[in-house]
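Asks: fold the following.
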Amino acid sequence: ATVLKQRRSYPPHRSLSPALFLIAMKQSKTKLKAISRAGLTASNVKLMTQSKVGKRLQGPGREDDDALDEDMEEQWMQSKVLVKPDDQLQLSEQELKEEFTRILTANNPHAPSNIVRYNFKERQYKQTSSVEQLAIHFSLDGNMVHKDSDDALRQLARQGHAVDEAISLQSVGDAGTQTAEPADTEEKKAAEGGDGDGGGGEETAATPLPPTGKKLTNQFNFSNRATQTYNNAYRERETMTEPPPRATFAGSANQWEIHDAYVEDLERQEREKEKQQKQLSRLTARDDGKKKKTSAMEFQSDDLSRIATPAKIIERMVNQNIYDDIAQDFKYWEDESDDFKGGQGTLLPLWQFSYAKAKKLTVTALCWNPKYRDLMAVGFGSYQFLNQVGGMICLYSLKNPSFPEFVIETSDSGVICIDLHFEHPSLIAVGHYNGTVAVYDVTQSCREPQYKCDARMGQHLDPVWEVRWQKNDLDNNMNFFSVSSDGRIVCWTLVKNELRFVDAMVLRHPGGPVAVGPGGIEQHGHDHGRTFDFHASRDHLYLVGTDDGHIHKCSKGYNKRYIDTIKAHGWIVYSVRWNHYHPKIFASCSADWKVKIWDHTQADEPLFTFDLNCSVRDVAWAPYSSTVFAAVTTDGKVHVFDLNVNKYEPLCEQKVTRKKKSGVTHIAFNQSHPIIIVGDDSGTVYSLKLSPNLRKALQDKNRTVETEIAKMDKLLSLVREPKAER
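Replies: Reported below is the predicted structural model:
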């Protein structure tokens, strides 16, 4: 627009034509760029622009055109003016001279920087330190081989080309490259050659250049190889078998043939009766001999009853000779490697107890005899509803691991729980899967229960998960408690030949919905009981674990209300156990993979929590220490903890089952010997001996109940928060 205004300001006869004007503008602009690159001054630019434009202009108005060109050049050569916005920040010279360094890295900006993966060693989620920064935009796999490689020469030789031929081709290629050199280089070589003889120059031109190296004509060499395999010829084999023998028979059925068949059958029966009569006559003739035989058999049975005890002793002696190495380990083995393990320990496998009839059953209960320390009771059954084929109770002794001392078979339902009486160890309380409870006496020759409940006598509606003997009541009658999934905790009393029951507690959902029944009666949903345990010093206090993860603290004096309720776990609570020494501490395990240690007086939060990465089926405190306990998981492992040594990890984690899919169901500590027994779901009981690091408390001769309580209190003082902070 500016150019057009300037052109219109001159008279028509003195102005430039549009074509010439545009040509002049383009040339002047191009020249200005060239001058600026060459570093010329503004005066030179002016002179050059005037000369170039003047050559192209012809006519009378040349001076006015030169003036126009000068004005245009002045406009082109004007200095640049920087336009600053009003809100621009004013910086000082020092701030303007300050240098800011930017470092370019090869990191991928789109790569994630917060990848978290689970660390199985530390058992927690951790952020990965290194992230892959490589970003591939294009990838192509080729099959070319470099010309100088041994593989390329080997392929050429395999295809029939000689290496010399490759070298000749290479020399030709080198000659071709030499012809492409600059001409001045050839002239210099010719000049140098001209200083000598002319014939010598001709010889050098005629002789070819020697090869400088082994090179192929092309940059890369592609070799295509193909092979053809030999196809085996087909073979046909035929065999002919002999046809099976055939027989053709025919018959007819009518009345007289049927009559003849009946007659033959009657004759056969008469002949058998005659034979039986002859045998009876012979027996009557030998009555005296028969009496002698019966008397001899009676005397023989009497003799067997007389030698029953010596025979059992001899059987134990034979087994002791067979398992002599295990018996020596049980008595004298000490793992000397514990001194170099930093407090870690091991479990030594000893005897395995199994019974042929119980191989398809699960070990559902374990209990040591309170009087005879080498005798244990094992309950067999099934936790599956559709696999209830009966149960069994076996009493094993460490002196005879090959066969049980006493066997009780229950054909109606499987055995789920057992408990031996602490004053009368021959009495066994049993809970069945069908909801019945029974009491057996192993001193009686009869294998039937001495006491048993039925539907008319308060039978549970669901499986009985646990039974516990208690002290005699005010009338000096023996009694025991049972817990079931039907929400009832029942007290059973043995009165003469009758088993009487009283509901000690009906479990209800804490804070659950209340339904109003007929007559305005409130109906609460019941909670499913799974396990319970009674306090050692306070007889009225007991804990109940449920399928919903709750632990209820109850009292025998209240049958409708809880003393306290703890939301302990997120799934089924399989076991709760009071500490043998400290009156406030108890442990619980659940199917949510966790074992927790609690203080029932401050049960808001657990004192310790251990995640075992698998469902925990049972937990038991050691009888020799207040800080040692063990737990078993469904993956077949036994975990032994000592809180006084390590408050975070087990001292021993060992798999005890041989089969991969076998899980451990129960565990029990022996009261006198440093061994434990565990049962699996294939009907086998394993006995294991604790290494010295797992039973350091037994080596302390000054160990008392007070010292064990003080040891636990000292440990709890490190865990609990101060009262002021609370």
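
Asks: helix, strand, or coil at residue 328?
Replies: With DSSP: H, G, I helix; E, B strand; the rest coil as the basis, residue 328 sits in helix.

Asks: what of residue 718?
Replies: helix.

Asks: mind checking how far it is from residue 644?
Replies: Residue 718 sits 11 Å away from residue 644, going by Cβ to Cβ, to the nearest Å. Using the backbone N, CA and C atoms, a C-beta is placed for each residue, glycine as well.

Asks: backbone phi and psi for residue 563, please?
Replies: In terms of degrees, to the nearest 10, the main-chain angles of residue 563 are phi -70, psi -40.

Asks: who touches it in this structure?
Replies: Counting by Cβ atoms under 8 Å, 6 or more residues apart in numbering, residue 563 makes contact with 541, 553, 554, 555.

Asks: name the member of the residues you listed with the most neighbours.
Replies: Neighbour counts for those, by other Cβ atoms under 10 Å, peak at residue 554, which reaches 22 neighbours.

Asks: can I assume that one sits in a strand?
Replies: Yes - counting by three-state DSSP, residue 554 is part of a strand.

Asks: partners of it in the sheet?
Replies: residue 542 (DSSP bridges).

Asks: isn't it up against residue 544?
Replies: Yes - taking contacts as Cβ atoms under 8 Å, residue 554 lies within contact range of residue 544: 5.9 Å.

Asks: which parts of this structure are helices?
Replies: 2-9, 18-38, 42-56, 62-76, 93-97, 150-158, 163-179, 183-194, 198-206, 255-285, 287-306, 308-322, 324-332, 705-719 (DSSP state H).

Asks: on that earlier part again, nearest to residue 475, out of the contacts of residue 563: which one, please.
Replies: Nearest to residue 475 among those is residue 555, at 21.0 Å by Cβ to Cβ.

Asks: residue contacts, the closest residue to the closest one other than its chain neighbours?
Replies: Spatially, and ignoring its direct neighbours in sequence, residue 555 is nearest to residue 540 (5.0 Å; Cβ to Cβ, 6 or more residues apart in numbering). The contact partners of residue 540, by Cβ under 8 Å, 6+ apart, come to 555, 556, 557.

Asks: so for residue 540, what's the pLDDT?
Replies: Note for residue 540: predicted pLDDT of 88.

Asks: relative to residue 553, how far out is it?
Replies: Distance from residue 540 to residue 553, by Cβ to Cβ: 11 Å.

Asks: got it, and residue 246?
Replies: Taking Cβ to Cβ, one finds residue 246 at 84 Å from residue 553.

Asks: before we move on, what about residue 608?
Replies: Taking Cβ to Cβ, one finds residue 608 at 19 Å from residue 553.

Asks: as JSON lines, the contacts of residue 540 with distance to residue 676 and pLDDT would be great.
Replies: Formatted as JSON lines, the contacts of residue 540 follow (distance: Cβ to Cβ, whole Å; pLDDT from 0 to 100):
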{"residue": "555", "distance to residue 676": "32", "pLDDT": "89"}
{"residue": "556", "distance to residue 676": "31", "pLDDT": "87"}
{"residue": "557", "distance to residue 676": "36", "pLDDT": "84"}
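
Asks: what is the nearest of those residues to residue 471?
Replies: residue 556 (11.2 Å).

Asks: compare residue 718 and residue 644 and say which is more crowded by neighbours.
Replies: Legend: neighbour count by other Cβ under 10 Å for residue 718 and residue 644, higher for residue 644 (17 against 7).

Asks: who are the neighbours in contact with the spatially closest residue to that one that is not a sequence neighbour?
Replies: Excluding the flanking residues, the one nearest residue 644 by Cβ to Cβ, 6+ apart is residue 627, at 4.2 Å. Counting by Cβ under 8 Å, 6+ apart, residue 627 touches 642, 643, 644, 711, 712, 715.

Asks: and with 10 Å instead?
Replies: 579, 581-582, 585, 597, 621, 641-645, 647, 697, 708, 711-712, 714-715 (Cβ atoms under 10 Å, 6 or more residues apart in numbering).

Asks: what do you get for residue 435?
Replies: Counting by Cβ under 10 Å, 6+ apart, residue 435 makes contact with 413, 416, 453-455, 458-464, 482, 484-486, 488.

Asks: same thing but 8 Å
Replies: Counted by Cβ under 8 Å, 6+ apart, residue 435 has contacts 459, 460, 461, 462, 463, 464, 484, 486.
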